[in-house]
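J.: I need the structure of the sequence given here:
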Amino acid sequence: MMRSLWTAASGMIGQQSNLDVIANNLSNIATTGYKTQAANFKSLIYQNMQRVSTTTTGEPKPVGAQVGLGVRVGSVSSDLTQGPANASNGAFDYMIQGQGFFMVQQNDGSVAYTRNGHFIMAVTDNGTALTDSGGRPVLDTSSRPIMLDRNYRTDRVKVDQYGNLTYPDARGNQQYIGIQIGLAYFPNASGLEKASESNYLESAASGVPTVYTATDLNSKIVSGYLEGSNVQAADEMVNMIIAQRAYEMNARAITASDEMLQQANNLRS
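T.: Numbers count the residues shown, from 1 in each chain. From the prediction side, this is the model:
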């Protein structure tokens, strides 16, 4: 009976973590570039009650007797499928249609990776930089910050579907100016470490990124759109109901174990 108490308690703890993941998904349903997450469970060790069991006639049974000792969260995985395309009025809002991540240089010099293409032009001492909403520079195909000198009018700078920055010539035709937005590709993108602001960080599980152009990845960079969250509200509500019911069943198992233990104690008295 004590075993059943701890087993049911592990189920309640696991479902609480599951509910935390679901709540985080629902809270980020309108977050640009957010990828839904799911808690994956795995069973704990098993205890052998009888390694070799026999029938009443002494014949060995084909299976032994083992009992499980509960469950725990094995991992929290991300669903990296494409989110919906949401029209945007931002002059420098871009969506990746296909694979890859935008690269953003953080304040400490490290690189964060994101699907959130809400960018702005920020004035710096060295010129005008393409940055994210926090002022962190976006990187090009050479992993360098995208920087324009002050001769360029930012309202005339465009980005084509290949990530090329263009500027109109004397005839008004957009011409490539030698800068292209870089996209990072990971061997195991699901292994990326989650950070704030829909950013991801490289980890041992994700592998080392390779920088490509949009063409190399068969992807497109779509101007005037942002990738929305791929969270499905109906699915998350169903998952929440399932988690609540599983939590209740584990709580009832604890109650039943407690009642049985109480009856056993009363027998002794």
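J.: what's the longest helix in this structure?
T.: Scanning the chain for the helix with the most residues, using DSSP state H, yields helix 233-268.
J.: quick check: mean pLDDT across it?
T.: On average, the pLDDT along helix 233-268 is 91.
J.: what packs against that helix?
T.: helix 2-27 (3 or more C-beta pairs under 8 Å, 6 or more residues apart in numbering; DSSP states H and E). All C-beta spots, glycine's among them, are computed from the backbone N, C-alpha and C.
J.: What about this structure, which residue is the most distant from its middle?
T.: The C-alpha centroid of the chain is most remote from residue 57, which lies 56.7 Å away (C-alpha atoms, centre = their mean).
J.: does it count as helix, strand or coil?
T.: coil (DSSP: H, G, I helix; E, B strand; the rest coil).
J.: cool, and the one 5 residues further on?
T.: Taken by three-state DSSP, the conformation at residue 62 corresponds to coil.
J.: Check it and give its pLDDT.
T.: 70.
J.: go on, residue 136?
T.: For residue 136, the predicted pLDDT is 95.
J.: List the residues that contact it.
T.: The neighbourhood of residue 136, defined by C-beta atoms under 8 Å, 6 or more residues apart in numbering, consists of 104, 105, 106, 107, 112.
J.: Ok, residue 99 next?
T.: Contacts for residue 99 (C-beta under 8 Å, 6+ apart) come out as 183, 185, 217, 218, 219.
J.: about what we covered before: now the residue farthest from the centre of the chain: how far from residue 7?
T.: For residue 57, the distance to residue 7 (C-beta to C-beta, to the nearest Å) stands at 33 Å.
J.: cool, and residue 249?
T.: For residue 249, the distance to residue 7 - C-beta to C-beta - is 12 Å.
J.: Those two: who's more crowded?
T.: Taking other C-beta atoms under 10 Å, residue 249 and residue 7 do not tie; residue 7 has more neighbours (19 against 13).
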